[in-house]
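> Based on what follows, work out the 3D shape:
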Amino acid sequence: MSAQPLPRDAPVQLREDLADPGLYINRELSWLDFNERVLELAEDRSLPLLERVKFSAIYDSNLSEFFMVRVAGVQDQIEAGVSGRQADGMTAVETMEAIAARVREFGLRQSRHFEDELRPALDSSVADLASLTGERWGGMLVSGAFLGDFVPDGLPWVHLDIAGPARAGADDGYLVKGGTGFAVRTLVELVDRFKKPARSRTAH
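Purely as a prediction, here's the structure:
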(Lines give C-alpha, C1' and ligand atoms only; values in the text may rest on other atoms or scores of the structure.)
Protein backbone atom coordinates (compact mmCIF):
# COMPACT_ATOMS: atom_id res chain seq x y z
CA MET A 1 0.00 0.00 0.00
CA SER A 2 1.55 3.32 -1.09
CA ALA A 3 1.86 6.26 1.30
CA GLN A 4 -0.63 9.05 0.83
CA PRO A 5 0.66 12.65 0.57
CA LEU A 6 -0.24 14.96 3.44
CA PRO A 7 -2.61 17.87 2.82
CA ARG A 8 -0.87 21.20 2.28
CA ASP A 9 -2.13 22.59 5.60
CA ALA A 10 -1.21 19.50 7.65
CA PRO A 11 1.19 20.27 10.55
CA VAL A 12 4.73 18.97 10.06
CA GLN A 13 5.99 16.80 12.87
CA LEU A 14 9.61 17.75 13.64
CA ARG A 15 11.89 15.05 14.95
CA GLU A 16 14.29 17.57 16.49
CA ASP A 17 13.89 20.64 18.62
CA LEU A 18 15.21 23.32 16.25
CA ALA A 19 16.00 25.55 19.21
CA ASP A 20 18.60 23.04 20.43
CA PRO A 21 22.07 24.73 20.13
CA GLY A 22 23.57 21.30 19.55
CA LEU A 23 22.09 21.32 16.05
CA TYR A 24 24.15 24.35 14.98
CA ILE A 25 27.81 25.13 14.38
CA ASN A 26 29.26 28.54 15.11
CA ARG A 27 29.89 30.16 11.72
CA GLU A 28 33.19 31.77 12.73
CA LEU A 29 34.61 28.58 14.23
CA SER A 30 33.40 26.67 11.19
CA TRP A 31 35.38 29.03 8.98
CA LEU A 32 38.49 28.42 11.10
CA ASP A 33 37.97 24.69 10.59
CA PHE A 34 38.02 25.35 6.85
CA ASN A 35 41.25 27.33 7.10
CA GLU A 36 42.80 24.56 9.19
CA ARG A 37 42.30 22.29 6.19
CA VAL A 38 44.38 24.75 4.14
CA LEU A 39 47.09 24.52 6.82
CA GLU A 40 46.91 20.73 6.64
CA LEU A 41 47.74 20.96 2.92
CA ALA A 42 50.87 22.93 3.82
CA GLU A 43 51.77 20.08 6.19
CA ASP A 44 51.09 17.35 3.61
CA ARG A 45 54.47 15.84 2.70
CA SER A 46 53.00 14.12 -0.36
CA LEU A 47 52.65 17.52 -2.07
CA PRO A 48 55.51 19.34 -3.86
CA LEU A 49 57.48 21.69 -1.60
CA LEU A 50 56.46 24.93 -3.28
CA GLU A 51 52.81 23.89 -3.27
CA ARG A 52 53.10 23.51 0.49
CA VAL A 53 54.72 26.93 0.81
CA LYS A 54 51.88 28.35 -1.27
CA PHE A 55 49.24 26.81 0.99
CA SER A 56 51.02 28.19 4.06
CA ALA A 57 50.83 31.65 2.52
CA ILE A 58 47.17 31.18 1.53
CA TYR A 59 46.42 30.25 5.15
CA ASP A 60 47.85 33.63 6.23
CA SER A 61 46.01 35.53 3.50
CA ASN A 62 42.71 33.88 4.41
CA LEU A 63 43.23 34.67 8.08
CA SER A 64 43.91 38.35 7.36
CA GLU A 65 40.62 38.69 5.50
CA PHE A 66 38.83 36.74 8.24
CA PHE A 67 39.96 39.27 10.85
CA MET A 68 39.15 42.28 8.70
CA VAL A 69 35.60 41.11 7.99
CA ARG A 70 34.33 38.38 10.29
CA VAL A 71 36.21 39.15 13.52
CA ALA A 72 35.51 42.85 13.04
CA GLY A 73 31.80 42.00 12.95
CA VAL A 74 32.02 40.06 16.21
CA GLN A 75 33.92 42.97 17.80
CA ASP A 76 31.19 45.37 16.67
CA GLN A 77 28.63 43.20 18.49
CA ILE A 78 30.72 43.26 21.68
CA GLU A 79 31.18 47.03 21.56
CA ALA A 80 27.45 47.48 20.94
CA GLY A 81 26.67 45.48 24.07
CA VAL A 82 24.97 42.60 22.24
CA SER A 83 24.84 39.88 24.90
CA GLY A 84 22.24 37.49 23.51
CA ARG A 85 23.10 33.97 22.46
CA GLN A 86 23.06 32.97 18.80
CA ALA A 87 21.44 29.78 17.51
CA ASP A 88 24.66 27.89 18.33
CA GLY A 89 24.32 28.91 21.98
CA MET A 90 27.37 31.21 22.05
CA THR A 91 27.53 34.90 22.86
CA ALA A 92 29.73 37.33 20.94
CA VAL A 93 32.25 37.39 23.81
CA GLU A 94 32.40 33.60 23.93
CA THR A 95 32.85 33.49 20.17
CA MET A 96 35.72 35.98 20.33
CA GLU A 97 37.43 34.00 23.08
CA ALA A 98 37.08 30.78 21.09
CA ILE A 99 38.45 32.48 17.96
CA ALA A 100 41.48 33.79 19.88
CA ALA A 101 42.26 30.36 21.29
CA ARG A 102 42.02 28.62 17.92
CA VAL A 103 44.03 31.28 16.09
CA ARG A 104 46.83 31.13 18.67
CA GLU A 105 46.92 27.34 18.39
CA PHE A 106 47.01 27.34 14.59
CA GLY A 107 49.47 30.24 14.43
CA LEU A 108 51.99 28.46 16.63
CA ARG A 109 51.53 25.31 14.60
CA GLN A 110 52.07 27.12 11.30
CA SER A 111 55.15 29.05 12.42
CA ARG A 112 56.80 25.97 13.87
CA HIS A 113 56.08 23.99 10.73
CA PHE A 114 57.48 26.70 8.48
CA GLU A 115 60.64 27.24 10.53
CA ASP A 116 61.31 23.56 11.26
CA GLU A 117 60.33 21.98 7.95
CA LEU A 118 59.44 24.26 5.04
CA ARG A 119 62.15 26.87 5.51
CA PRO A 120 65.07 24.39 5.75
CA ALA A 121 63.72 22.52 2.72
CA LEU A 122 64.01 25.71 0.63
CA ASP A 123 67.80 25.83 1.13
CA SER A 124 69.66 25.44 -2.14
CA SER A 125 72.95 26.39 -3.74
CA VAL A 126 70.93 27.84 -6.63
CA ALA A 127 68.68 30.84 -6.03
CA ASP A 128 66.14 31.81 -8.68
CA LEU A 129 63.05 33.45 -7.25
CA ALA A 130 61.53 33.90 -10.70
CA SER A 131 61.14 30.14 -11.14
CA LEU A 132 59.84 29.33 -7.69
CA THR A 133 56.18 29.41 -8.64
CA GLY A 134 53.95 30.44 -11.49
CA GLU A 135 51.50 32.03 -9.08
CA ARG A 136 51.77 35.00 -6.76
CA TRP A 137 50.71 33.02 -3.68
CA GLY A 138 53.66 32.50 -1.39
CA GLY A 139 55.94 34.90 -3.25
CA MET A 140 56.22 37.39 -0.39
CA LEU A 141 56.82 34.66 2.19
CA VAL A 142 59.46 32.87 0.12
CA SER A 143 61.19 36.09 -0.96
CA GLY A 144 61.43 37.38 2.58
CA ALA A 145 62.91 34.10 3.85
CA PHE A 146 65.35 34.03 0.93
CA LEU A 147 66.56 37.62 1.36
CA GLY A 148 67.11 37.09 5.08
CA ASP A 149 70.06 34.82 4.28
CA PHE A 150 71.91 37.69 2.59
CA VAL A 151 71.51 40.35 5.27
CA PRO A 152 74.41 40.65 7.75
CA ASP A 153 73.61 39.75 11.35
CA GLY A 154 72.58 42.74 13.43
CA LEU A 155 71.54 44.85 10.44
CA PRO A 156 67.86 45.95 10.65
CA TRP A 157 66.02 45.32 7.39
CA VAL A 158 62.51 44.90 6.03
CA HIS A 159 61.09 43.22 2.94
CA LEU A 160 58.32 45.22 1.25
CA ASP A 161 56.09 43.45 -1.25
CA ILE A 162 55.30 46.49 -3.37
CA ALA A 163 53.49 44.76 -6.24
CA GLY A 164 51.54 41.82 -4.84
CA PRO A 165 49.22 43.64 -2.40
CA ALA A 166 48.00 45.98 -5.15
CA ARG A 167 46.71 44.18 -8.22
CA ALA A 168 44.37 45.14 -11.04
CA GLY A 169 41.97 42.48 -12.23
CA ALA A 170 41.82 43.85 -15.77
CA ASP A 171 43.12 46.67 -17.95
CA ASP A 172 40.96 49.70 -17.31
CA GLY A 173 42.74 52.41 -19.25
CA TYR A 174 44.57 53.59 -16.16
CA LEU A 175 46.07 50.44 -14.65
CA VAL A 176 47.42 47.40 -16.45
CA LYS A 177 46.23 43.96 -15.38
CA GLY A 178 48.48 42.39 -12.75
CA GLY A 179 50.73 43.84 -10.05
CA THR A 180 50.44 47.61 -10.14
CA GLY A 181 53.20 48.65 -7.77
CA PHE A 182 50.69 51.16 -6.41
CA ALA A 183 52.06 53.36 -3.61
CA VAL A 184 55.69 52.66 -4.52
CA ARG A 185 56.45 56.39 -4.51
CA THR A 186 54.94 56.66 -1.04
CA LEU A 187 57.13 53.83 0.23
CA VAL A 188 60.26 55.33 -1.32
CA GLU A 189 59.49 58.70 0.28
CA LEU A 190 58.88 57.02 3.64
CA VAL A 191 62.22 55.20 3.50
CA ASP A 192 63.94 58.43 2.47
CA ARG A 193 62.49 60.24 5.47
CA PHE A 194 63.55 57.55 7.91
CA LYS A 195 67.13 57.53 6.72
CA LYS A 196 67.50 61.30 7.24
CA PRO A 197 68.68 62.68 10.60
CA ALA A 198 65.83 63.59 12.94
CA ARG A 199 66.84 67.28 12.99
CA SER A 200 66.63 67.62 9.21
CA ARG A 201 63.18 66.03 9.19
CA THR A 202 61.78 68.54 11.69
CA ALA A 203 63.53 71.66 10.40
CA HIS A 204 61.43 74.18 8.45
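> Can you show me the helices along this structure?
27-42, 49-66, 72-79, 92-113, 119-121, 139-148, 184-195, 198-202 (DSSP state H).
> Kindly reformat those helices as a markdown table containing distance to Leu175.
Where C-beta positions appear, they are placed from N, C-alpha and C, glycine not excepted. Formatted as a markdown table, the helices of the chain follow (distance: least, CB to CB, whole Å):
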| stretch | distance to Leu175 |
| --- | --- |
| helix 27-42 | 29 |
| helix 49-66 | 21 |
| helix 72-79 | 28 |
| helix 92-113 | 33 |
| helix 119-121 | 34 |
| helix 139-148 | 19 |
| helix 184-195 | 13 |
| helix 198-202 | 32 |
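> Now tabulate the ones you listed in a markdown table and tack on mean pLDDT, distance to Gly173 and mean neighbour count.
Listed next are the helices of the chain as a markdown table, based on pLDDT from 0 to 100; distance: least, CB to CB, whole Å; neighbours: other CB atoms under 10 Å:
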| stretch | mean pLDDT | distance to Gly173 | mean neighbour count |
| --- | --- | --- | --- |
| helix 27-42 | 95 | 36 | 16 |
| helix 49-66 | 90 | 28 | 18 |
| helix 72-79 | 92 | 33 | 13 |
| helix 92-113 | 94 | 40 | 15 |
| helix 119-121 | 83 | 42 | 13 |
| helix 139-148 | 67 | 27 | 17 |
| helix 184-195 | 77 | 20 | 10 |
| helix 198-202 | 53 | 38 | 8 |
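> Domains of the protein: list them as residue ranges, please.
Following automatic domain parsing, the chain resolves into domains at 22-152, 160-196.
> Help me confirm that Lys102 comes into contact with Trp31.
Wrong residue type there; residue 102 is Arg, not Lys. No. Judged on CB atoms under 8 Å, Arg102 makes no contact with Trp31 at a distance of 10.2 Å.
> Next, count neighbours for Gly89.
As a burial measure, Gly89 scores 14 neighbours (other CB atoms under 10 Å).
> now Arg70
16.
> again, but for Glu117
Going by other CB under 10 Å, the residues that sit close to Glu117 add up to 14.
> How confident was the prediction at it?
Glu117 is assigned 91 on the pLDDT scale.
> how near is it to Leu108?
According to CB to CB, to the nearest Å, Glu117 and Leu108 sit 14 Å apart.
> cool, and Ala87?
31 Å.
> and what of Ala19?
Counting by CB to CB - Ala19 and Leu108 are separated by 37 Å.
> got it, and Trp157?
25 Å.
> Compute the first-to-last residue distance for stretch 38-54.
One end of stretch 38-54 to the other measures 10 Å (CA to CA, to the nearest Å).
> Thank you kindly, that will do.
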